[in-house]
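1. Using only what follows, build the 3D model:
(one chain, ligands or ions: 2)
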Amino acid sequence: MIQRTPVRIEARDTSHLSDHGTCTSENQSWQTILSRSISNPEHLLERLNLPAERWLDGARNGHELFPIRVPEPFVQRMEPGNPNDPLLRQVLPVADESVERSGFVRDPLEENTAIQTTGLIRKYHSRALLMVTGQCAINCRYCFRRHFPYNDHKLSREDRHQVITTLSASPEINEVILSGGDPLAVNDRLLAQWVELLEAVPHLKRLRIHSRLPVVIPQRVCDDMLAWLNRTRLQKVLVVHVNHPAEIDQATRDAFERLKQAGVTLLNQSVILKGVNDNAATLSELSETLFDAGVLPYYLHAFDPVAGAHHFDVSDTDAASLVRQLLKRLPGFLVPKLVREVPGEASKTPVPAF
Ligand SMILES: *Cc1c(COP(=O)(O)O)cnc(C)c1O
Ligand code: SF4
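-> Ligands and ions are numbered 1, 2, ... in the order given. Down below sits the predicted model:
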């Protein structure tokens, strides 16, 4: 059960500026915020003044298929009373999710094939994916992992040892990508241990982290996290996941700034989503807002046909046309690469814009 917080204006004040430092303080620790995430569709509708009679049945149905989960700092950036809010649309379960549609499947990426040893996935030549947790801080309705709400299976000591042995014997790997779930849902003590193990592998150069946490709970970027980032010899890249410019508020900007000061290169990946960001004005504003906050747009993912999310589908033809419009509006370095993950391919596959 969540602890219900009525609309709290005081949460918008500048406390994040002084409070980010503590990873464990009573009120503002990211763990507390995470544990108080909204996990019940009724609470979200109430919180945003949306009529239950219109939305609740659908929300309950969707919630049965893939539970709602949304942390308060993300809810604060939504517009109360607006059922079409682009942030709300990403997290509110709806009746459409129960409608089956041919071509929309449970595992569009056929991910189960590339596991090398528990926790380690080899799909790419020079980089390996390390799944440190199955947990996420937010449940995105369009997620291609929605049918695998993996438990929070922690890797055992032996698993970890096996991962390092495998990496040590693979000199072609120079980068490890911490993935999940959301790898930053793991506590800093465990992450610092992982980083220590990884940096002892001499041919590893880079540590990459794919996470939505610095966006949805900016308090996650706390001193304990900055400590292991600052300590490591590895080059650091953090790929965040922002789909709409309204996801970036002052607290997010401050979190990005702290990461940059710790020497982290910040990139963003987005998914093209109908009703969220499928127009050139929103996507170009997103790129501008990201760059103002010190983040470079990296990937724009073509939509994966995952069952239960067909209402987000944007065709490749429409996505390509959007990218052509972005090329007219933005400098080249602010135009993300439109790509798709094709099962079995050794890299992302570009979706041609022309
Ligand atoms: C595509 C992908 C990667 C690899 O990204 P590149 O930037 O193409 O090296 C890593 N993790 C996940 C989950 C991906 O989908
Ligand atoms: S944070 Fe990423 S992995 Fe987790 S539900 Fe959202 S899109 Fe999926």
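
2. in the stretch 251-354 of the chain, what residue is nearest ligand 1?
-> residue 348 (4.7 Å; CB to the nearest ligand atom). Where C-beta positions appear, they are placed from N, C-alpha and C, glycine not excepted.

3. Okay, strands next: where are they in this protein?
-> 115-117, 120-121, 127-131, 175-179, 206-210, 235-241, 264-271, 296-301, 337-340, 349-350 (DSSP state E).

4. Now do the contacts for residue 242.
-> 215, 248, 268, 270, 286, 290, 295 (CB atoms under 8 Å, 6 or more residues apart in numbering).

5. can you do 7 Å?
-> 215, 248, 268, 270, 286, 290 (CB atoms under 7 Å, 6 or more residues apart in numbering).

6. coming back round to it: the nearest residue to the residue of the stretch 251-354 of the chain closest to ligand 1 once chain neighbours are set aside: neighbouring residues, count only.
-> Spatial nearest neighbour of residue 348, excluding adjacent residues (CB to CB, 6 or more residues apart in numbering): residue 339 at 3.9 Å. For residue 339, the neighbour count with other CB atoms under 10 Å is 17.

7. shouldn't residue 339 be in contact with residue 351?
-> Yes. Residue 339 lies in contact with residue 351 (CB atoms under 7 Å); the separation is 6.3 Å.

8. what separates the residue nearest to the spatial centre of the chain from ligand 1, distance-wise?
-> Among the residues of the chain, the one closest to the centroid is residue 212, at 3.0 Å (CA atoms, centre = their mean). Plainly put, residue 212 is 12 Å away from ligand 1 if you go by CB to the nearest ligand atom, to the nearest Å.

9. which parts of this structure sit against ligand 2?
-> 136, 138-140, 143, 145, 182, 212, 241 (CB under 6 Å from any ligand atom).

10. can you rerun that using 5 Å?
-> Counting by CB under 5 Å from any ligand atom, the residues of the chain close to ligand 2 are 136, 140, 143, 212.

11. which one of these sits closest to residue 304?
-> Of all these, residue 304 sits closest to residue 143, with 9.2 Å by CB to CB.

12. Contacts only, for the closest residue to the closest one other than its chain neighbours.
-> If the residues on either side of it in the chain are set aside, residue 143 comes closest to residue 306, at 7.3 Å by CB to CB, 6+ apart. Contacts for residue 306 (CB under 7 Å, 6+ apart) come out as 104, 108, 142, 144, 146.
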